[in-house]
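**Student:** test case, fold it:
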Amino acid sequence: MNLEKTLTAAKKEIAAGKTASDLEKTRIKFLGRNGLINQLFKKIRTLPTEEKKEAGQELNLVKNKIEALLNQQKRQLNKPLKPSQKPTKFYYALPKLGHLHPITITAEEINTFFKSLGFSTYEGPEIETDEYCFRRLNVPFDHPARDMQDTIYIKKPEILLRTQASAIETRLLEKEIPPFKAAFAARVYRNEKVNKSNHFIFHHYQAVAVDKNITLKNLIGTLDALFKKLYGEEVVVRYRCKYYPEVEPGLGLDIQCFACQGQGCPLCKGVGWIEMGGAGIIHPKVLSMAGIDPKIWRGFAFGLGLDRWVMAKYQIGDIRTLLGGNLAYKPNQP
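**Tutor:** Below is the predicted model of the structure:
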C-alpha cells in the first residue's frame with residue numbers, strides 16, 4: 001500500500017478546496033464509508049498476521065493526518081476576511097440568529113474529552129438493518145431482550161430506525177483492526193411514551209475500546225473521569241450490575257437526581273437516582289461475529305443517554321424541552 005501517495009493526494013485536494021462543499025467531497029472521497037482509507041483497511045485483512053498491526057497503525061496515522069488537514073482548512077475558510085480581501089460590493093447582511101443546541105454543545109464537549117484520551121470519532125446510518133442493530137449485538141430474532149425496545153420499523157423485519165448507538169459499534173467492530181478506540185454521538189428512535197424523562201426521539205453517546213487485557217477497571221476509570229469532567233469532582237455516581245446481551249459483565253450507570261438531590265421527585269420517579277446509561281465488557285460472541293478473536297482481544301463499550309446528561313448539566317427538568325419549540329417554557333423548572 002502506498003500510503004505516502006494517498007496522503008500526498010489528500011493534501012493536494014484539501015489545499016485546493018475553496019468552499020465547505022469542496023472539503024466535504026474530499027472528506028467523502030478519502031474518509032467516507034466507501035472512501036480510499038476504508039478500502040485500504042479492507043486490504044489490510046489480506047496481509048499476513050504479523051504485518052496487520054503495523055500496517056493498521058500506519059494507516060490510522062494517515063487517517064488522523066487527513067482529518068487534521070481537513071479541520072485546519074475548514075478553520076482557514078472560516079477566518080474573517082482582511083480589509084484588503086473584503087468584497088467591494090455593497091450588500092445587506094442579516095443579523096446572526098440562534099445559538100448551538102445544548103445537545104450539540106454537550107456532545108462536542110464529550111468529543112473533546114475523548115479525543116484527549118486518544119479516541120477517534122465515528123458515525124453510522126440512522127436507517128439500519130436488523131443484523132447490525134440487533135443480531136450482531138448477540139440479540140437474535142427470538143431473544144427476549146427485543147421486548148425491551150419498542151422498535152420503529154420501516155420494513156419488517158429487516159429495515160428499521162436504529163434503536164441504539166450500539167448499531168454504530170457493530171459497524172466499527174467489523175471495519176476497524178484492533179487495537180482501536182472510538183466515540184460517537186447518535187440520534188436514535190423508539191416507540192416510547194413521551195413524558196418528563198422519555199422521548200421517542202433521543203440521543204445516545206457511545207464509546208468503544210478494543211485492546212489486549214482490557215478490564216472493568218479501565219471502563220470504570222474512564223466513566224469516572226467523564227462524570228467528573230462534566231459535573232465536577234463532587235458528582236455522586238453509582239454502578240449497578242445489569243444485564244445487557246452485548247456485554248458480560250454489564251453495568252448500569254446512575255447519577256443522583258439533580259432535581260431533588262436524591263430525595264425523590266417526578267423526574268427520578270421517586271427513587272432519587274436517574275439512569276444515565278449502560279456499559280460492560282464486550283461479549284465474546286459480539287467480537288467473534290465482527291471477525292475479532294476474543295481469545296486475543298477484549299474490549300469495553302458504554303452507551304450514555306445523552307439527553308439526560310444534557311438535562312443534568314443544564315438543570316433541565318423535562319426532556320421534551322430539548323426537542324420542543326416553546327420559548328416560553330422555563331427549562332430549569334423541575
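**Student:** can you name the next helix or strand after the helix ranked longest in the chain?
**Tutor:** Criterion DSSP state H: the longest helix present in the chain is helix 49-77. Downstream of helix 49-77, the first helix or strand assigned by DSSP states H and E is helix 102-116.
**Student:** so what strands line up beside the helix or strand following that following helix?
**Tutor:** Once helix 102-116 ends, the next helix or strand along the chain (criterion: DSSP H and E) is strand 120-121. The strands that strand 120-121 pairs with in its sheet are strand 180-189 (parallel) (by DSSP bridges).
**Student:** which residues touch the partner strand?
**Tutor:** 60, 107, 110-111, 114, 117-124, 126, 152, 161-165, 167-168, 172, 176, 200-211, 306 (CB atoms under 8 Å, 6 or more residues apart in numbering). In this view, the C-beta of every residue, glycine as well, is placed from N, C-alpha and C.
**Student:** put the buried members of these into a PyMOL selection.
**Tutor:** Command for PyMOL that selects the buried part of the contacts of strand 180-189, burial taken from 16 or more other CB atoms under 10 Å:
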select buried, resi 60+107+110+111+114+119+120+122+124+152+161+162+163+164+165+167+168+172+176+202+203+204+205+206+207+208+209+210+306
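**Student:** narrow the contacts of strand 180-189 to those in strands?
**Tutor:** 120-121, 161, 201-211 (DSSP state E).
**Student:** of these, which is the nearest to residue 318?
**Tutor:** residue 202 (13.0 Å; CB to CB).
**Student:** could you check how far that closest one is from residue 183?
**Tutor:** According to CB to CB, to the nearest Å, residue 202 and residue 183 sit 18 Å apart.
**Student:** what helix or strand does the spatially closest residue to residue 17 that is not a sequence neighbour sit in?
**Tutor:** For residue 17, ignoring the flanking residues on the chain, the nearest one in space by CB to CB, 6 or more residues apart in numbering is residue 23 at 4.5 Å. Assigned by DSSP H and E, residue 23 belongs to helix 20-31.
**Student:** list the buried ones in that helix?
**Tutor:** Quick answer for helix 20-31 (16+ other CB under 10 Å): 23, 26, 27, 30, 31.
**Student:** looking at these, which is nearest residue 74?
**Tutor:** The nearest one, if we look at those relative to residue 74 and count by CB to CB, is residue 23, at 6.1 Å.
**Student:** look at the closest one and report its pLDDT.
**Tutor:** Residue 23 is assigned a predicted lDDT (pLDDT) of 86.
**Student:** what does the one 5 residues further on give?
**Tutor:** For residue 28, the pLDDT comes out at 88.
**Student:** leaving out chain neighbours, which residue sits closest to it?
**Tutor:** Distances taken as CB to CB, 6+ apart place residue 35 nearest to residue 28, at 6.2 Å, with adjacent residues excluded.
**Student:** before we move on, what about residue 252?
**Tutor:** According to CB to CB, 6+ apart, the nearest residue to residue 252 is residue 242 (3.7 Å).
**Student:** that neighbour contacts residue 254, doesn't it?
**Tutor:** No. Contact between residue 242 and residue 254 fails when scored by CB atoms under 8 Å: they sit 10.0 Å apart.
**Student:** tell me which of those two has more neighbours.
**Tutor:** Legend: neighbour count by other CB atoms under 10 Å for residue 242 and residue 254, higher for residue 254 (20 against 16).
**Student:** with adjacent residues omitted, what lies nearest to the more buried one?
**Tutor:** Residue 254's closest residue in space is residue 273 (CB to CB, 6+ apart), at 4.3 Å.
**Student:** that neighbour contacts residue 262, doesn't it?
**Tutor:** Yes. Counting by CB under 8 Å, residue 273 does reach residue 262; the two are 7.2 Å apart.
**Student:** what touches both of these two?
**Tutor:** residue 256.
**Student:** which one of the two has more residues nearby?
**Tutor:** Neighbours were counted for residue 273 and for residue 262 using other CB under 10 Å; residue 273 has more, 18 against 15.
**Student:** list the contacts of residue 323.
**Tutor:** Contacts of residue 323 (CB under 8 Å, 6+ apart): 199, 201.
**Student:** looks to me like residue 253 is in a strand.
**Tutor:** Yes. Under DSSP: H, G, I helix; E, B strand; the rest coil, residue 253 falls within a strand.
**Student:** okay, now it: neighbour count?
**Tutor:** Neighbours of residue 253 (other CB under 10 Å): 23.
**Student:** shouldn't it be in contact with residue 303?
**Tutor:** No. The criterion here is CB under 8 Å, and residue 253 misses it with residue 303 at 9.5 Å.
**Student:** now do the shared contacts for these two.
**Tutor:** With CB under 8 Å, 6+ apart as the test, residue 253 and residue 303 both reach 277, 278, 279.
**Student:** phi and psi next, for residue 274.
**Tutor:** phi -120, psi 130 (degrees, to the nearest 10).
**Student:** just give me the neighbour total for residue 100.
**Tutor:** Around residue 100 there are 10 residues (other CB under 10 Å).
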